[in-house]
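> Could you look at this predicted model? Sequence included:
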Protein chains: 2
Amino acid sequence: MSTRERILDKALDLFNQSGMYKTGVREIARSLEISPGNLSYHFARKEDLLIALLERYGETNDALYAAYFDGEPGLGRYLELISTLLENAYSHRGAFLGLDELRAVIGAEYDYRVVEEKRRSFLDHILTKLEGVGDLNFDEMDKAFMIDFIAFFQRCWIMEAMISYAHLDKTQIISRYMRFVAMQFAQIATLKGQRVLGRWL
Amino acid sequence: MSTRERILDKALDLFNQSGMYKTGVREIARSLEISPGNLSYHFARKEDLLIALLERYGETNDALYAAYFDGEPGLGRYLELISTLLENAYSHRGAFLGLDELRAVIGAEYDYRVVEEKRRSFLDHILTKLEGVGDLNFDEMDKAFMIDFIAFFQRCWIMEAMISYAHLDKTQIISRYMRFVAMQFAQIATLKGQRVLGRWL
DNA sequence: GTCTATATGGAGATAGAC
DNA sequence: GTCTATCTCCATATAGAC
């Protein structure tokens, strides 16, 4: 594995444990038994570590969406996708926990709004298809709200999880939030859709 | 105004602008034309500033809830309350933006879970009363979900707002999120309740 | 109690040898 | 690509004036 990759893995590991604010670049270098200068060579600023981690997270997410779009649309498969997306976010939680603090620095170089827009257009497409196969039933206003809800949820759940449920393990946390999402889907699910939701409630 | 209060106001001001991570205690002292040591005398650690700001925020919130409970229950008054709570959170946004990063330090001294539990019991009480006056209609499962939703929303919206809607002004941001909350209430509102919601949609 | 002045140790970052 | 040495800046602690 390249030094660059080793640094990213260790940085994420330490950010997950203590957060970016408390984790020093020297500490990362020491854990890897490389010099701080070497780390600076690969990542000039601490923020660059965060940006690289967010990019890696985004690539994994893209692949998960691509796999979903490769198969047949269905509420069951979509909830499976969401559950996997939550797992990916959980793995990268240390990067998200620094995000709000560093928006000023990162905003210019890593435009989260582009990611957000892509996500919203995916959602629109997915929901329309789910109505097509008879899992969901909604009007335009419901759909717009559902897109707002899922976008809001996917952006924020990990922050709440880390502040309020840090004492729970990964499985407990994800099952809690999957139940939360399923409850919202229940509002617009058809009878056929309701049966799929049962597994998550 | 006491030095302590002046420090808190300036710290919040600078945290709101650049975040706690980027704002140094020296910078706060310089802006106030006092010495760094003087600031240290009032707040031994940077984290103590954050804790004091969160406490001040909490006291304002408590007063707002108390004023609501002082009057007649009603969906209209409750949404007014939420809107005012959002304004208070917006004023203190700089303190929340550091919260996820500093949970490790703050967790021990400022137990957010106590605040959270109080908020949830308030919510339960408020929703029950709103059903009593015929503004809302729900079963136990709906109520539990609605409490989860509002708790989640009130915890997280400011983080999303700062990451995704930092280019909007306070009024635009709050009206956006009030619309979001009103849409969720629409799911469990009676016909009488729906009329009240119209103002926010 | 309030404040100034100053010391200390650690952080992120850089320069230049290998 | 990797290292050592070093720079600057910051959070924090303390000594002591008022």
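On my side now, so go ahead.
> I'd like the distance between the residue sitting nearest the centre point of chain A and A:His125.
Nearest to the geometric centre of chain A sits A:Ala89, at 3.5 Å (C-alpha atoms, centre = their mean). A:Ala89 sits 21 Å away from A:His125, going by C-beta to C-beta, to the nearest Å. (Glycine included, C-beta is placed from N, CA and C.)
> Equivalent analysis for A:Pro73, please.
The value you get for A:Pro73 to A:His125, if C-beta to C-beta is used, is 9 Å.
> Looking at these two, which one has more neighbours?
A:Pro73 (18 against 12; other C-beta atoms under 10 Å in any protein chain shown).
> Helix, strand, or coil at the more buried one?
The three-state assignment at A:Pro73 reads coil, by DSSP: H, G, I helix; E, B strand; the rest coil.
> Might you enumerate the residues of chain A proximal to chain B?
With C-beta under 8 Å from any C-beta of the partner chain as the criterion, chain A meets chain B at residues A:18-22, A:97-105, A:107, A:112-113, A:116, A:141, A:145, A:148-149, A:152-153, A:155-157, A:159-160, A:162-164, A:166, A:180, A:183-184, A:187.
> swap the cut-off to 6 Å and go again
A:19, A:21, A:97, A:100-101, A:103, A:145, A:148, A:152, A:155-156, A:159-160, A:162-163, A:180, A:183, A:187 (C-beta under 6 Å from any C-beta of the partner chain).
> At the contact with DNA strand C, which residues of chain A appear?
Selection of chain A residues close to DNA strand C by C-beta under 7 Å from any atom of the strand yields A:23-27, A:36-37, A:40-41, A:44-47.
> wait, the residue nearest to the centre of chain A sits on A:Cys156?
No: contact criterion C-beta atoms under 6 Å: A:Ala89 and A:Cys156 do not qualify, at 10.5 Å.
> Now do the buried residues in stretch A:182-191.
Buried residues in stretch A:182-191, counted by 16 or more other C-beta atoms under 10 Å in any protein chain shown: A:182-190.
> for it, what is the average pLDDT?
Stretch A:182-191 carries an average pLDDT of 98.
> same question, stretch A:156-163
Across stretch A:156-163, pLDDT averages out at 90.
> got it, and stretch A:53-67?
95.
> what comes into contact with that stretch?
The contact list for stretch A:53-67 (C-beta atoms under 6 Å, 6 or more residues apart in numbering or on different chains) reads A:12, A:84, A:88, A:92, A:95, A:110.
> again, only this time at 8 Å
For stretch A:53-67, contacts defined as C-beta atoms under 8 Å, 6 or more residues apart in numbering or on different chains pick out A:8, A:11-12, A:15, A:81, A:84-85, A:88-89, A:91-92, A:94-95, A:99, A:106, A:110, A:115, A:122.
> of the residues you listed, buried ones?
Judged by 16+ other C-beta under 10 Å, buried ones among those: A:8, A:11-12, A:15, A:81, A:84-85, A:89, A:92, A:94-95, A:99, A:106, A:110, A:115, A:122.
> give me the low-pLDDT residue ranges for chain A?
Low-confidence segments of chain A (pLDDT under 70): A:100-102, A:104-108.
> Can you name the residue of it nearest to chain B?
Per C-beta to the nearest C-beta, the residue of chain A with the smallest distance to chain B is A:Cys156, at 3.6 Å.
> pretty sure that residue contacts B:Ala151?
No: counting by C-beta atoms under 8 Å, B:Ala151 is not a contact partner of A:Cys156; they are 12.0 Å apart.
> These two - which one has more neighbours?
Legend: neighbour count by other C-beta under 10 Å for A:Cys156 and B:Ala151, higher for A:Cys156 (20 against 17).
> so what's that one up against?
Residues in contact with A:Cys156 (C-beta under 8 Å, 6+ apart) are B:152, B:155-157, B:159-160.
> circling back to that earlier point, CSV for the buried residues of stretch A:182-191, including secondary structure and distance to DNA strand D?
As requested, the buried residues of stretch A:182-191 are arranged in CSV below (DSSP: H, G, I helix; E, B strand; the rest coil; distance: C-beta to the nearest atom of the strand, whole Å):
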residue, secondary structure, distance to DNA strand D
A:Ala182, helix, 42
A:Met183, helix, 41
A:Gln184, helix, 41
A:Phe185, helix, 44
A:Ala186, helix, 46
A:Gln187, coil, 46
A:Ile188, coil, 48
A:Ala189, strand, 50
A:Thr190, coil, 54
